[in-house]
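Enquirer: Have a look at this prediction, sequence included:
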Amino acid sequence: MRQILSISVILIVGALGAGAQNPQQTPPKPAEAAPAVESLPTADHILTAYVDALGGKAAMEKVTSRLVRGTFEIPAMGAAGDFESYAKAPNKTILTFTLPGFGTFQQGFDGTVAWSQDPTSGLRELTGTELAAVKLDADFYREIRRKELYPTLKVRGKEKVGDRTAYVIEATPVEGATETWYFDTETGLLLRTDVERETPQGKIPTETSYEDYKDVGGFKMPMTIRQSTPVFTLTIRITEVKLNVEIDDAKFKKPVAQ
């Protein structure tokens, strides 16, 4: 469900030594054996387990469109509102955040053109690294296409994410910023994603956490998503999901400038 968050932006070294032994001296004790290094699963294994944990490739491929609604809050600003997200295979999305007293924020992608519109910046077309990020986010089947979308994958080890232990993968797409993914070692589910996002204000490091997975139409989705940046923390709670709904392609088009 990374599409929902597009708009809101944001490592064994060992050494051996030997010396001449003097017969008059007490021989040194044998060196203790180094602890065994735990082997890690491959990125392919971790990602396959992730897809299985979500419900399987076949279940996700049965869905061709999705409507998601819910609420969001930004505690530091004392702000809260509603959001709505439409997504359609293979790569069309539009996301709307409505913040009472401030206005509406939108970001869309029609498969070719990416755009955003908000009360501060107005309507603008996204290019460069912003466009590359939107293209990745907009891939409707990205959860089962991660190995294709991110050709460079490196398993970096294990880390704690809250009270869970996660396998850490560093993932680099063909175009765009390298991301770090954290997959629960027990459930296989994605717990967190770290990435540096390009915004009109510059690059912003963004940490996104996925919580409260629920079954929706035969596969799992996180119902609570938290996005943290150095500036704010945004919490999204999903309240409604509809699958295979009719969506006119015109909905994703860049609006006409006023």
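Expert: Looks like it arrived, so ask away.
Enquirer: Can you point out the buried residues in whichever strand or helix holds Q106?
Expert: Following DSSP states H and E, one finds Q106 within strand 103-109. By 16 or more other C-beta atoms under 10 Å, the buried positions in strand 103-109 come out as 105-109. All C-beta spots, glycine's among them, are computed from the backbone N, C-alpha and C.
Enquirer: Please enumerate the strands of the chain.
Expert: 65-74, 79-88, 92-99, 103-109, 114-118, 122-125, 152-161, 164-172, 179-184, 190-199, 202-216, 219-228, 233-243 (DSSP state E).
Enquirer: List the neighbouring strands of the last one plus their orientation.
Expert: In the sheet containing strand 233-243, the strands it pairs with under DSSP bridges are strand 65-74 (antiparallel), strand 219-228 (antiparallel).
Enquirer: ok, now the shortest one?
Expert: As defined by DSSP bridges, the strand partners of strand 122-125 come to strand 114-118 (antiparallel).
Enquirer: How about residues contacting the strand it pairs with?
Expert: For strand 114-118, contacts defined as C-beta atoms under 8 Å, 6 or more residues apart in numbering pick out 7, 103-109, 123-126, 130-131, 134-135, 138, 254-255.
Enquirer: again, only using 10 Å
Expert: Identification of contacts with strand 114-118 by C-beta atoms under 10 Å, 6 or more residues apart in numbering yields 6-7, 93-97, 99, 102-109, 122-127, 130-135, 137-138, 199-200, 252-255, 257.
Enquirer: hey, which of the strands paired with strand 233-243 is tucked in deepest?
Expert: Burial of the strands paired with strand 233-243 is given as mean neighbour count (mean count of other C-beta atoms under 10 Å); strand 219-228 ranks first at a mean of 19.
Enquirer: avg pLDDT for that one?
Expert: For strand 219-228, the mean pLDDT works out to 96.
Enquirer: CA atoms only for it, dumped as PDB, please.
Expert: Coordinates of the C-alpha atoms in strand 219-228 are reproduced here as PDB (Å, rounded to 0.1, in the frame of the first residue of the first chain):
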ATOM      1  CA  PHE A 219      -4.800 -11.200   0.800                       C
ATOM      2  CA  LYS A 220      -3.500  -9.100   3.600                       C
ATOM      3  CA  MET A 221      -3.200  -5.300   3.800                       C
ATOM      4  CA  PRO A 222      -1.800  -3.100   6.600                       C
ATOM      5  CA  MET A 223      -4.700  -1.200   8.100                       C
ATOM      6  CA  THR A 224      -2.400   1.300  10.000                       C
ATOM      7  CA  ILE A 225       0.500   3.000   8.300                       C
ATOM      8  CA  ARG A 226       2.800   5.500  10.100                       C
ATOM      9  CA  GLN A 227       5.200   7.700   8.200                       C
ATOM     10  CA  SER A 228       7.900   9.600  10.100                       C
END
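Enquirer: Begin at 25, not 1, for the rest of this chat.
Expert: Sure, I'll start numbering at 25, so the last one becomes strand 243-252.
Enquirer: just the angle between it and strand 226-240, please?
Expert: 150 degrees (axes from the mean of the first three to the mean of the last three C-alpha atoms, to 10 degrees).
Enquirer: How far away from the center of its chain is strand 243-252?
Expert: Averaging C-alpha positions (C-alpha atoms, centre = their mean, to the nearest Å) puts strand 243-252 10 Å from its chain's average.
Enquirer: That strand vs strand 214-223, what angle?
Expert: With the same axes, to 10 degrees as the basis, strand 243-252 and strand 214-223 are set at 50 degrees to each other.
Enquirer: Select, out of the strands of the chain, the one closest to S63.
Expert: Shortest distance between S63 and the strands of the chain, using C-beta to C-beta, is found for strand 176-185: 10.3 Å.
Enquirer: Not counting sequence-adjacent ones, nearest residue to D68?
Expert: Nearest non-adjacent residue to D68, counting by C-beta to C-beta, 6 or more residues apart in numbering: K171, 6.8 Å away.
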